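Asker: fold the following, please.
(2 chains)
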Amino acid sequence: MTAERQRRPVVLLRPVPGASVIHELWAGTKIIVVFTVSLLLAFYPGWVPIGLMAVLVAVVVRLAHIPRGAVPSIPRWLWVLLLIGCVLATLGGGQPVLHLASVDLEVGGLLKFLRFTALSIVLLVLGALVSWTTNVADVAPAVATLGRPFRALRIPVEDWAVTLGLALRAFPMLLDEFRLLYAARRLRPRAVLPDGRVKRRRWLSEMVDLLAAGVTVALRRADEMGDAITARGGTGQIAAAPSRPRGPDWVALSICLAVCVVAIWLDSQGYGRR
Amino acid sequence: MGALSAALAIVAVVVPFAGGLSLLVMVPMGLLGYRYRLRVLLAAAFAAATIAFLISGISGFMVVLNCAYVGGLTGIIKRRGRGTPTVVVVSIVAGIISGLLIIGALAVLVRLRTLTFEAITANVDGVVSVMSQFEPFRESAVQTRAMFGTALQYWPVLMMGYAIFSIVLVSLVGWWVLGRVLERLRVIPDVHKLESRVEVGPVAPLPVRLSGARYRYPSADHDALRPLNLTIDAGEHVAVTGANGSGKTTLMLLLCGREPTSGVVDRPGAVGLGRLGGTAVVMQHPESQVLGTRVADDVVWGLPPGTRTDVSGLLGEVGLAGMEERDTGGLSGGELQRLAVAAALARQPAMLIADEITSMVDQRGREALLNVLSGLVDRRRMALVHITHYNSEAEIASRTVNLSESADNMVMVAHAAPPTTTVVAAPRAGAPVLELSGVGHEYGSGTPWAKSALRDVSFTVNEGEGVLIHGGNGSGKSTLAWIMAGLIAPTTGSCLVRGRPAHEHVGDVAIAFQAARLQLLRSTVDLEVASAAGFSPYDTARVVAALATVGLDGSLARRRVDQLSGGQMRRVVMAGLLARWPQALILDEPLAGLDAASQRGLLTLLTDLRRNAGLTVIVISHDFGGLEELCPRTLHLDTGEMASVSATAGGLP
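Answerer: Presented below is the predicted three-dimensional model:
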């Protein structure tokens, strides 16, 4: 028996093996770029900016040697949802009108829907690129460096960076624990219950218990980590190597800035507005 | 500090679900708001939002912030003991603030406003045109459209109303749901031990002299540590032994600066826990000791900013040379503990306390760890206090302090040598229960992260047999256990339970995980056993009978699962599993973390069940200690492959 084609799982916060220009970039640079592009697309969600950013993303994907296999399999229900959204949006109608033989088809709604979908995809891939090319160990020090200006506002950036670093450290462990929790639940027999209130109430209390089990484990781990922190005399350094941008980072930031400016300029000229 | 760290770990819980099930994000946030100060909540919200941002971009960020608001609000109001009216008032205020923010933003950003309104209009138009298709709705549809058009003209009012409405709604729903969950979580005990204290004066923990020092926990009725006289000076290697409950850990706490209930702990200066030249502690759980994601980062973690550390030298000293850039997530338990020792040494401690650091580590890791420890005192001018319940470990110390009343009363664990490979016994009488042929498994197939865990594993387990599957870290033994339990389908080959594919009949083969607490999903023992076994929780007789099979008293039935000891948790899990008469019982590291007495008790119980009830037992372990009788047959697994198939001559009883 050979198992049917396996679904490709979602792999979180683990870089694609290998080295590339993009892998080498400082984590802070990548965070800035993603943040800038997200903001840009939030304020100028026209076809032109979306297209330009898509090109930028595509180039980065090539540079980083991301194989197709890195993209998780898309579950069927997502396709169905997209299709439903598509149909609903088309029913909405609106300008422009497409003349097909004797049928007039209003595709304005559809276009808006497609634009929104394209926007989401660009943003998702952009976020995934950070996760695909960055070692999580680099994230917290980079955030600490980036957040330095905010210290003037008495925001405890250092604390936050430490928290972030520890959360990232605990993340895979807790993921494992949740996998276990889920497995433990699967091992149980399904209770046969009458429909209605009893079933709902039972389900609710089961969910609460499940959450409690998860949080108990997380808390226990947190207490142990807290002991470990105390044993080390509290917080302080979080990285052995300094975390700051280098030459290639400035180049990358300039390119990103240039593309953003071009996108805004083209958009304000009225290209691709709909 | 413990509070901050609690934040951290919990934060990580939330993120996998940030996309859809936002309730799961709210729960930890609510708990943080409930237990700790706002500052902790903010740090946690920031960390969670950043991780969400890394995973799913700006939308994930917003989702987490939203959940942090609702969870935090609920938690804080619960803590202050206020009720629903407070929630309404606070949420209206929050709604007005966010409404003002939205209006402000939209007033400035005309483009965004147009786009948002267009999007909303398109939605409304879509609904209206669908409704217009049906005669009875046509009129109301047209009216809706007209009303909507008018409303858009007064958009600031609309936005404000919307903001207040949605935030109040979300807050109330969150309050209602979370309130119940938090009630349930309130009783989870706090288990952290060490406390940081503010100390003045120079750091000088040695020599430390305990005279008549005794300790009793605030609510306890007997001493955790009986009066003790002890002096520890630099250059000493002291082993502290004793049975469970003899006060080993309490002694560690006293050495770390806790005041004794009576008697004196005398030292020339401050304890300096974790400070340069002070006291360093390494504790039991390998994963929780290591705080950095990269090996080099972990060594310096927590040192005062600007401290220069010879990271490669320290790693060399603990036998991890050249591993600076490795991820700590991929290290074995033994390597993690040696890393924790390196991090402790980075503080150039005068005294290093190792609290049962080998108990969760496999044989090979234990030897390497002991090697590191035994050389320390000679190389550095420091004292080493080694708390252990292993005989062989106490022997390498220059002197032993036994906390148990008398030596013969003390239960110590002896190490077992690996059983030698023996001739395969004659065919067994029992029918085959589990048949594995050519089983292989690869995680993340088709992705760049594909990792082969098992290759071409074939063996058969017969009824009533006891099999030990032995392998070190990363040998694929856990994967094999999951495949046998049907929890994952192998990528190649087949795993049959009584001739049927295992993964289509989850539950036929029971599995008890190493982390027993994770398998206890209900709040009390009777509910837990009933839920796992599939009978009614009101069926007391069957619950008691199930508990009796694993040697537990029926009086335990109403006990909360959080109040059970480690050994009891394992037994309760087994009670639930065995009540369903599984084809076989798989136990993953059943002895890890148990003290000697509980280990022996559990082994006797299992051996008895196998002999007398005909239970098929498969044990997954990196240890051999005392398992020969339970599992006469041993299979060795090495980097995903079966090294050799062996069985001791004994065979079936």
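Asker: and for the closest residue in space to residue B:570 that isn't next to it in sequence, the neighbour number?
Answerer: Spatially, and ignoring its direct neighbours in sequence, residue B:570 is nearest to residue B:516 (4.8 Å; CB to CB, 6 or more residues apart in numbering or on different chains). Using the backbone N, CA and C atoms, a C-beta is placed for each residue, glycine as well. As a burial measure, residue B:516 scores 24 neighbours (other CB atoms under 10 Å in any protein chain shown).
Asker: ok, now residue B:258?
Answerer: 17.
Asker: could you check how far it is from residue B:193?
Answerer: 9 Å (CB to CB, to the nearest Å).
Asker: can you tell me the SS state at residue B:590?
Answerer: coil (DSSP: H, G, I helix; E, B strand; the rest coil).
Asker: what about the residue in chain B that chain A sits nearest to, distance to residue B:328?
Answerer: Chain B approaches chain A most closely through residue B:274 (2.5 Å), counting by CB to the nearest CB. Relative to residue B:328, residue B:274 is positioned 19 Å away (CB to CB).
Asker: and these two? which has more neighbours close in?
Answerer: Neighbour totals were compared for residue B:274 and residue B:328, and residue B:274 leads with 26 against 23 (other CB under 10 Å).
Asker: break the chain down into its structural domains.
Answerer: You didn't say which chain, so I picked chain A. Per automatic domain parsing, the domain ranges recorded for chain A read A:9-134+A:247-274, A:137-243.
Asker: ah, no, chain B please
Answerer: B:2-185, B:208-409, B:432-647.
Asker: following the helix or strand containing residue B:483, which helix or strand comes up?
Answerer: Taking DSSP states H and E as the criterion, residue B:483 maps to helix B:477-484. Remark: after helix B:477-484, the chain's next helix or strand is strand B:492-497, criterion DSSP H and E.
Asker: returning to what we had before: quick one: the domains of chain A as TSV, columns for distance to chain B, mean neighbour count and mean pLDDT too.
Answerer: TSV is the format used below for the domains of chain A (distance: least, CB to the nearest CB, whole Å; neighbours: other CB atoms under 10 Å in any protein chain shown; pLDDT from 0 to 100):
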stretch	distance to chain B	mean neighbour count	mean pLDDT
domain A:9-134+A:247-274	3	16	82
domain A:137-243	2	19	79
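Asker: turn those domains into JSON lines, including distance to residue B:375.
Answerer: What follows is these, written out as JSON lines (distance: least, CB to CB, whole Å):
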{"stretch": "domain A:9-134+A:247-274", "distance to residue B:375": "36"}
{"stretch": "domain A:137-243", "distance to residue B:375": "22"}
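Asker: of the ones you listed, which is nearest residue B:561?
Answerer: domain A:137-243 (8.6 Å; CB to CB).
Asker: which stretches in chain A count as strands?
Answerer: Using DSSP state E, the strands of chain A run over A:97-100, A:103-106.
Asker: can you give me how far the last one is from the chain middle?
Answerer: It stands for strand A:103-106. 38 Å (CA atoms, centre = their mean, to the nearest Å).
Asker: need the CA coordinates for it. PDB is fine.
Answerer: Provided in PDB are the C-alpha atoms of strand A:103-106 (Å, rounded to 0.1, in the frame of the first residue of the first chain):
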ATOM      1  CA  VAL A 103     -25.200  39.600 -23.700                       C
ATOM      2  CA  ASP A 104     -24.100  42.500 -21.600                       C
ATOM      3  CA  LEU A 105     -22.100  41.400 -18.700                       C
ATOM      4  CA  GLU A 106     -21.300  43.900 -15.900                       C
END
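Asker: secondary structure class for residue B:325?
Answerer: coil.
Asker: report pLDDT for the spatially most central residue of chain B.
Answerer: By CA atoms, centre = their mean, chain B has its centre lying nearest to residue B:515, at 7.6 Å. For residue B:515, the model assigns a pLDDT of 82.
Asker: try the one 5 residues further on
Answerer: At residue B:520, the pLDDT value in this model is 86.
Asker: and for residue B:115?
Answerer: 67.
Asker: ok, back up a step: angle of the helix holding residue B:483 against strand B:492-497?
Answerer: 60 degrees (axes from the mean of the first three to the mean of the last three CA atoms, to 10 degrees).
Asker: what does the stretch 251-400 of chain B put close to chain A?
Answerer: Contacts of the stretch 251-400 of chain B with chain A, taken as CB under 8 Å from any CB of the partner chain, map to B:272-275, B:278, B:280-283, B:285, B:287-294, B:296-297, B:299-305, B:307, B:309, B:311, B:324, B:327-329, B:340, B:343-344, B:347.
Asker: can you tell me which of these are buried?
Answerer: Neighbour-count burial (16 or more other CB atoms under 10 Å in any protein chain shown) is assigned, among those, to B:272-275, B:278, B:280-283, B:285, B:287-294, B:296-297, B:299-303, B:309, B:311, B:324, B:327-329, B:340, B:343-344, B:347.
Asker: which of the residues you listed fall in strands?
Answerer: B:280-282.
Asker: relative to residue B:583, how far out is the closest residue to residue B:552 other than its chain neighbours?
Answerer: Spatially, and ignoring its direct neighbours in sequence, residue B:552 is nearest to residue B:571 (5.4 Å; CB to CB, 6+ apart). Applying CB to CB, the value for residue B:571 to residue B:583 is 21 Å.
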